[in-house]
Each structure stands twice: as C-alpha cells, then as structure tokens.
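**Student:** need coordinates for the below:
(one chain, ligands or ions: 2)
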Amino acid sequence: MEKRGIFMEEGVASYSEEQVRYLELLAKAYPTQAATFTEIINLQAIVNLPKGTEHFMSDLHGEYEAFYHILNNCSGVIREKVELLFAETLDEQERADLLTLIYYPKEKMDLLVRQEALNVTWARNNLTLLLQVANLLSSKYSRSKVRKAMEPVFRFVIDELLHAQPDEDDNRHVYHEKIIDSILETGSTREFIMALAALIKRLAVDHLHIIGDIYDRGAHADKIMDTLMGHHSLDIQWGNHDILWMGAAAGNEACIANVLRNNIRYHNLEILESGYGISLRAFALFALQTYTKEEGIDPMVKAINVILTKIEGQTIKRHPEYDMENRLLFHTIDWQRGTIQIEGKTYELTTKEFPTVDPYNPYSLSIEEKELLQQIKIGFIESERLQRHVKFLYSHGALYRSYNNNLLFHGGIPLNSDGSFKKVWIQDGWYAGKPLMDKVDWVVRQAYQCKDRDSLDYMWYLWVGINSPVSGRIVKTFERSYIRDEKTWKEPQNDYYRLNRNKEECVKILNEFGIYSLQGHIINGHTPVKVKKGERPIRAEGKEICIDGGFCKAYQGSTGIAGYTLIFNSHGIRIKSHYPFQDIAHVLTQNADIESESEQIELEPKRVMIADTDEGKKICQRIEDLKRLLQAYRQGVVQEIL
Ligand SMILES: O=P(O)(O)OC[C@H]1O[C@](O)(COP(=O)(O)O)[C@@H](O)[C@@H]1O
Ligand SMILES: [Mn+2]
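**Tutor:** Numbers count the residues shown, from 1 in each chain. Ligands and ions are numbered 1, 2, ... in the order given. The predicted structure is shown next:
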C-alpha cells in the first residue's frame with residue numbers, strides 16, 4: 001500500500017491509505033482540533049475513575065416478586081449506604097421508611113397520602129435525605145455519566161442540587177433551598193422524588209449480569225423479562241430453561257412439549273395462557289376425556305408425558321450423533337403388566353394408562369395429539385409478547401461471555417474425565433473448548449433465524465444432553481414421569497461438574513478463553529448450592545463461583561437461602577446471600593426488606609479503575625485513535641471542517 005510520508009516535529013509519520021480513510025471517518029464525529037482534544041481530555045478523565053459496580057444473579061426461575069424487590073433494593077446495597085449515612089442521625093424506623101421510599105416511591109407516597117402524612121415538612125426532609133444518598137452514590141462516577149442517568153426533565157435541577165459547593169456567603173445553600181421551595185410550590189415533589197429514587201438505584205448498580213434460567217418453576221418469568229427489558233445495562237447468559245423456551249418460540253415441538261410439561265407440573269398455566277396468550281383449553285379437554293385421575297396424577301400431566309416421550313423419541317431417531325438410542329424407552333414397556341426393563345432390572349410404572357400409544361408404533365402421535373400440538377405450536381409462534389421476550393434473549397444474551405476477567409456461563413464446558421476438553425460432534429464437525437461454545441452459540445442463533453430442522457432439534461438436545469453446555473446431564477424425564485423407584489431418577493453429569501472444584505482446571509478453562517489475570521473467575525449458575533449441607537458458592541480456591549442460591553422456592557429447602565447476588569466493584573468481589581421474601585405488600589406496610597448477609601470473597605490488590613476494564617481498554621484505544629487524528633489535523637493530512 002502506498003504511504004504518504006510527512007515531516008513533523010517529532011519525526012516522520014506515515015499513513016497508509018486505509019489509515020487516512022479511517023481518520024477521515026473519525027473526523028466526521030470530531031471535525032475540529034478543539035472537538036478532538038476535548039474528547040481526549042474527557043476520555044482520559046473517565047478511564048481514571050473507579051470501575052462501575054457489576055451485579056450478578058442467576059436461576060431466577062420465574063420468581064418475579066423476589067427478583068423485583070432485589071432489583072429495587074439493589075441487593076441490599078442501598079441499605080448499606082443508608083446505614084453509612086444515617087446510622088447516627090435517624091432512628092431505625094426512620095431509616096426503614098426512607099428505604100421503602102427509595103424502593104417503592106410511588107406506592108409509599110400513595111400510602112402516606114392515604115394516611116394523610118404527606119406534608120411539606122415530610123417532603124422537604126425526604127428530598128434532603130434522598131439527595132444525600134444520591135450524592136454518596138454518584139461520587140465515583142463522572143458528572144456526565146450521572147447526568148445521563150437522570151430523568152431528562154429533572155436533569156438540570158438534580159445536577160445543580162447534587163453539586164452543592166458552599167461559597168463564602170453560603171449563597172449556594174440559599175440557592176438550593178430556593179430550588180427545593182419551587183419543587184414544593186409547583187407540586188412536582190412526587191415526580192421529583194420518583195426521579196431521585198430511580199437515580200439512586202441506577203447509580204448503585206452500573207451493570208447487571210443474569211447467568212441464566214430466568215424461566216420455569218416460579219410463576220412469572222414473563223414479568224421478569226419485561227423488567228429486564230427496561231433495565232439500563234445488562235447481559236444474559238442463556239440457561240437450559242431459557243434455551244427450552246427459545247426453542248419452543250422457534251417452533252420446536254420437543255421444546256414446546258417440555259415447556260408444557262414443566263409448567264403443567266408447577267401449576268403455572270397462567271404464564272402460558274394470560275402471559276403469552278397460548279390457549280391450553282383444547283388440550284385440557286382432551287386430557288380430561290382421554291385420561292383418568294389416578295393416584296393424584298393430573299390427566300394433563302399424563303397427556304403431556306405421552307406426547308413428550310413420543311416427540312423426543314422421534315428426535316432421537318433422527319439424530320444418531322446425539323448417541324441417545326438408550327433413551328428410547330417406550331417400546332421396552334410391558335403395557336399389560338405396567339412394567340419396564342432397564343439394564344436388566346424390572347421397574348413398576350406409575351400408570352398403565354396409555355390409550356393413545358400404538359404398541360407397534362409407540363413414537364407416533366395420534367391424530368388428535370398431532371392436531372393439538374400443531375395448534376399449540378401456532379400459539380407459541382404467533383405470541384407477540386413471547387416473541388418479543390425471546391428476541392431480547394437473543395439480542396442481549398449469549399451462551400457465554402468474557403467480561404472484565406470473568407468468564408460467565410450458566411452450566412459447564414464439556415470435559416473428559418482427565419480434564420481435557422471433550423470433542424463433540426455438532427452438525428458438521430468435531431468441536432471442543434472455546435470453538436465448541438462458539439459453535440453452540442451460533443447454532444442457537446441459527447435455530448431462530450433459519451428454523452432449519454437440524455438447529456431446531458439441537459435446541460432440544462441442549463435441554464437434555466450430557467454434552468450440552470447448558471445442561472450437561474442425562475436428563476431422566478422419562479424415569480421421572482413413569483418410574484416409581486427414585487433411584488432411576490438420578491441424572492449423571494458431565495465431568496465438568498466434578499472438575500470445576502479444581503483450581504488448575506478452572507485456570508486452564510479461563511486461559512482457553514483468553515483470561516490470564518490472577519483475578520479471573522468462572523461464574524456459573526445451574527446447580528443449587530446446598531448451603532444446608534455445608535456447600536459453598538466459592539470453590540476451586542476462589543476460581544469458580546456458583547451463584548445458584550435458589551430464588552426458586554422449590555429449591556430453598558436444600559439451599560437454605562433464597563438466592564445470591566455477586567457484587568464486583570472497584571475494591572473486589574463479595575457475595576450477598578438473600579433470605580426468603582414474603583411479598584411487596586409486606587414491604588410497604590411493614591417496611592419488611594429482604595435480609596441479606598454479605599461476605600467479602602476477594603480484595604483487589606489495587607483499586608480497579610475503568611482503564612483496567614474491557615470497556616476501559618476500548619476507551620484507551622479510542623484515545624490513541626483520537627491522538628492520531630489530532631496529529632493528522634496538525635500535519636494537514638486530514639482537514640478540519642470549520
Ligand atoms: O437447570 P435445572 O434448574 O437444574 O433444571 C433442569 C432439571 O429439571 C428437571 O427437569 C427436574 O425438574 P423438577 O425438579 O421440576 O422435577 C431435571 O430433569 C433437569 O435436570
Ligand atoms: Mn439450569
């Protein structure tokens with residue numbers, strides 16, 4: 001490529017044509033020297049600030065109310081700040097009232113109005129308190145970032161109030177009092193308090209990571225999705241349950257049948273019917289007409305178990321590469337006796353009722369089953385709200401993410417028993433380690449974009465397969481559905497779930513993804529940490545952190561807590577264990593917060609600044625580019641647009 005040589009003070013700089021083209025493009029955003037150096041100075045200032053606070057949560061499993069509250073109380077961080085500021089000056093009741101106001105400003109003020117307690121003195125006091133909290137939280141961010149976090153209508157006023165610099169005559173103080181007076185006089189207190197509460201929450205959590213399993217078990221994953229869609233900054237790593245719903249939304253029948261089964265068993269038909277407008281009426285009628293209720297097994301469960309086993313059987317037969325032939329169990333049933341043979345042992349079935357199964361062709365659907373499934377499938381595909389949510393999972397989600405020296409994924413990376421990366425055949429070749437994770441991510445996207453049979457089927461494999469990065473188990477839905485003996489329910493796992501307790505193994509995995517920092521970690525969800533049995537979320541000498549703490553009520557018996565939030569700020573990493581939550585009404589009337597315990601996991605050797613983060617590295621690169629632009633202006637290689 002031709003180079004243009006230029007003589008300059010520091011020496012000779014030469015630019016390739018490509019570089020000049022790039023600088024000319026950059027010049028469109030920074031058309032003058034002044035614009036360029038102003039931006040350089042701004043960016044330099046930003047990289048020298050402490051890094052923003054990241055929060056990590058996983059396995060939300062439809063527990064909307066608890067999740068919503070934890071978002072509002074910022075995992076307990078707001079309470080810490082309020083304690084820090086007002087432990088001496090406010091009593092416990094006053095602090096609790098202030099906290100509830102920050103968490104639920106609208107509802108709290110409505111309540112105060114009903115109690116006739118919302119007066120000017122209250123408003124003035126609370127405005128002042130809220131401003132102090134906002135001030136404390138904003139101190140580590142640039143003024144411009146804080147401004148951007150404010151609601152536009154109140155931006156100027158809040159900015160003025162936050163930057164109170166008392167001058168000699170205390171004019172500033174008078175000025176602020178006047179602003180507060182006019183807020184009160186104009187009757188905008190309510191909106192203003194809501195804007196301040198929102199700002200406080202936004203400053204407390206700079207970025208949120210959701211390490212998968214938003215869906216199933218709890219009732220309202222749909223509401224969680226709406227909330228996430230309104231969040232200012234987040235990313236998602238797909239869990240097996242999310243993938244299942246994504247596969248269902250793309251029209252995969254095996255995924256649809258599994259979603260139905262999960263939600264019928266947990267009595268969560270509301271999310272399907274009113275949440276997503278998918279009617280199950282015809283299916284419920286069919287179930288009642290076809291099956292009886294015996295030993296407490298709901299006819300709908302019986303009906304979906306049969307459909308599921310058939311559809312999964314068809315999928316397994318299409319894919320010898322899944323190596324799941326031994327999961328084809330329907331044709332080994334003795335239909336008369338109601339027993340099944342597995343590995344030479346005979347087991348009693350939970351039911352003998354299989355009216356729609358043709359013993360000679362056990363995996364084909366009856367005409368009625370086919371029609372019903374077709375109808376429900378249309379329901380999934382045509383549900384606008386579901387499609388909106390799934391698109392968001394695609395746009396903000398991925399199979400894994402490397403973020404500020406942490407490697408985030410829901411489940412595991414397929415390993416051999418000796419710890420080497422396991423080679424897995426996916427569609428067109430063998431993949432292992434990072435290339436495997438990239439391939440799976442690609443297939444998941446392909447399934448939704450192209451809806452080709454192979455990729456769609458793979459979405460189901462990801463739910464049940466031992467080599468699936470989001471499941472990593474031989475999922476025993478068949479045994480769980482049909483066999484009484486619970487010993488058969490155990491689901492063997494990939495070696496990852498044993499080897500991830502080992503430091504060297506985790507370091508090797510981090511290296512595979514380009515993470516060499518001593519402060520690197522793998523952050524997972526998927527397997528509940530059984531705190532009651534003495535398990536710990538921090539493993540492998542601190543290299544692996546599992547944050548499935550059981551937001552899901554069904555698992556709280558074994559985890560002993562009600563969820564974790566991992567917090568990574570400029571000082572280090574700590575984990576918060578949350579205790580069970582009643583409901584939001586309780587918060588409002590009793591100021592009942594979720595109680596959390598905090599444990600410091602790691603302290604950074606030196607405070608982490610933005611320059612040390614992934615984003616900061618991009619900013620530093622940008623500064624270098626802008627310096628080149630400035631030089632090019634000064635040398636006349638690129639012309640200023642004045
Ligand atoms: O990712 P998770 O939360 O472990 O969920 C998947 C597991 O759920 C199951 O479907 C069991 O579900 P239930 O606990 O609701 O019976 C297992 O077969 C499977 O391993
Ligand atoms: Mn999971």
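**Student:** show me where pLDDT drops low in this structure?
**Tutor:** Across the chain, the ranges flagged by pLDDT under 70 are 1-12, 164-169.
**Student:** going by proximity to ligand 2, name the top residue of it.
**Tutor:** Proximity of the chain to ligand 2 (Cβ to the ion) peaks at His526, 4.0 Å away. To be clear about C-beta, it is placed using only N, CA and C from the backbone, and glycine gets the same treatment.
**Student:** doesn't that residue fall inside a helix?
**Tutor:** No. Going by DSSP: H, G, I helix; E, B strand; the rest coil, the assignment for His526 is coil, not a helix.
**Student:** contacts only, for it.
**Tutor:** Neighbour list for His526: 58-59, 212-213, 239-240, 410-412, 470, 472, 546, 548 [criterion: Cβ atoms under 8 Å, 6 or more residues apart in numbering].
**Student:** so which bits of the stretch 451-600 of the chain are right by ligand 2?
**Tutor:** His526 (Cβ under 5 Å from the ion).
**Student:** within range of ligand 1, give me the residues from the stretch 451-600 of the chain.
**Tutor:** Within the stretch 451-600 of the chain, the positions near ligand 1 by Cβ under 6 Å from any ligand atom are 473, 475, 477, 480, 491, 526.
**Student:** do the same with the chain
**Tutor:** Within reach of ligand 1 by Cβ under 6 Å from any ligand atom, the chain has these residues: 213, 240-241, 473, 475, 477, 480, 491, 526.
**Student:** not counting sequence-adjacent ones, nearest residue to Gln493?
**Tutor:** Arg473 (5.0 Å; Cβ to Cβ, 6 or more residues apart in numbering).
**Student:** burial measure for the one you found, as a count.
**Tutor:** Arg473 has 21 neighbours, counted by other Cβ atoms under 10 Å.
**Student:** list the contacts of it.
**Tutor:** So Arg473 contacts 464, 466, 491-494 (Cβ under 8 Å, 6+ apart).
**Student:** kindly recompute the last result at 10 Å.
**Tutor:** Neighbour list for Arg473: 240, 411-412, 463-466, 490-494, 497, 526-527 [criterion: Cβ atoms under 10 Å, 6 or more residues apart in numbering].
**Student:** nearest to Lys310, of these?
**Tutor:** The nearest member of the contacts of Arg473 to Lys310, counting by Cβ to Cβ, is Val464 at 14.9 Å.
**Student:** just say helix, strand or coil for the nearest residue to the residue of the chain closest to ligand 2 once chain neighbours are set aside.
**Tutor:** Nearest non-adjacent residue to His526, counting by Cβ to Cβ, 6+ apart: Gly411, 4.6 Å away. Put simply, Gly411 is coil when judged by three-state DSSP.
**Student:** about what we covered before: buried members of the contacts of His526 into ChimeraX, please.
**Tutor:** Buried members of the contacts of His526, defined by 16 or more other Cβ atoms under 10 Å, are picked up in ChimeraX with:
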select :58,59,212,213,239,240,410,411,412,470,472,546,548
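**Student:** turn the contacts of His526 into CSV, including secondary structure and distance to Asn305.
**Tutor:** Converted to CSV, the contacts of His526 look like this (DSSP: H, G, I helix; E, B strand; the rest coil; distance: Cβ to Cβ, whole Å):
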residue, secondary structure, distance to Asn305
Ser58, coil, 29
Asp59, coil, 25
Gly212, coil, 26
Asp213, coil, 23
Gly239, coil, 23
Asn240, helix, 19
His410, coil, 26
Gly411, coil, 25
Gly412, coil, 28
Val470, coil, 23
Gly472, coil, 24
Cys546, strand, 31
Asp548, coil, 27
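**Student:** middle-most residue in the chain, spatially?
**Tutor:** In the chain, the centroid-proximal residue (Cα atoms, centre = their mean) is Ile210; its distance is 1.8 Å.
**Student:** okay, it and ligand 1: tell me how far apart.
**Tutor:** Separation of Ile210 from ligand 1 (Cβ to the nearest ligand atom, to the nearest Å) stands at 14 Å.
**Student:** distance check, whichever residue of the stretch 151-300 of the chain sits closest to ligand 1 against Trp442.
**Tutor:** Of the residues in the stretch 151-300 of the chain, the one nearest ligand 1 is Asn240, at a distance of 4.7 Å by Cβ to the nearest ligand atom. For Asn240, the distance to Trp442 (Cβ to Cβ, to the nearest Å) stands at 18 Å.
**Student:** go on, Arg337?
**Tutor:** With Cβ to Cβ as the criterion, Arg337 and Trp442 are 47 Å apart.
**Student:** equivalent analysis for Tyr482, please.
**Tutor:** Taking Cβ to Cβ, one finds Tyr482 at 36 Å from Trp442.
**Student:** what's near enough to touch the residue nearest to the centre of the chain?
**Tutor:** With Cβ under 10 Å, 6+ apart, Ile210 has these contacts: 55-60, 67, 224, 228, 231, 234-239, 242, 393, 396-397, 408, 410, 525.
**Student:** same question for Gln387.
**Tutor:** By Cβ under 10 Å, 6+ apart, Gln387 lies in contact with 249-250, 276, 380-381, 448.
**Student:** just flag the most distant two among those residues.
**Tutor:** Across these, no pair lies farther apart than Tyr276 and Tyr448, at 16.5 Å, counting by Cβ to Cβ.
**Student:** the residue nearest to His526 reaches Ile522, doesn't it?
**Tutor:** No. Using Cβ atoms under 10 Å, Gly411 is not in contact with Ile522, being 11.2 Å away.
**Student:** list residues touching both of those two?
**Tutor:** Listed as contacting both Gly411 and Ile522 by Cβ under 10 Å, 6+ apart are Tyr400.
**Student:** just to revisit the earlier point, when Arg337 and Trp442 are compared, which one has more neighbours?
**Tutor:** Each of Arg337 and Trp442 has its neighbours counted (other Cβ under 10 Å); Trp442 has more, 14 against 11.
**Student:** pull out the buried positions in the helix or strand where the more buried one lies.
**Tutor:** Taking DSSP states H and E as the definition, Trp442 sits inside helix 433-450. Across helix 433-450, burial judged by 16+ other Cβ under 10 Å covers 433-434, 436-437, 439-441, 443-444, 446-448.
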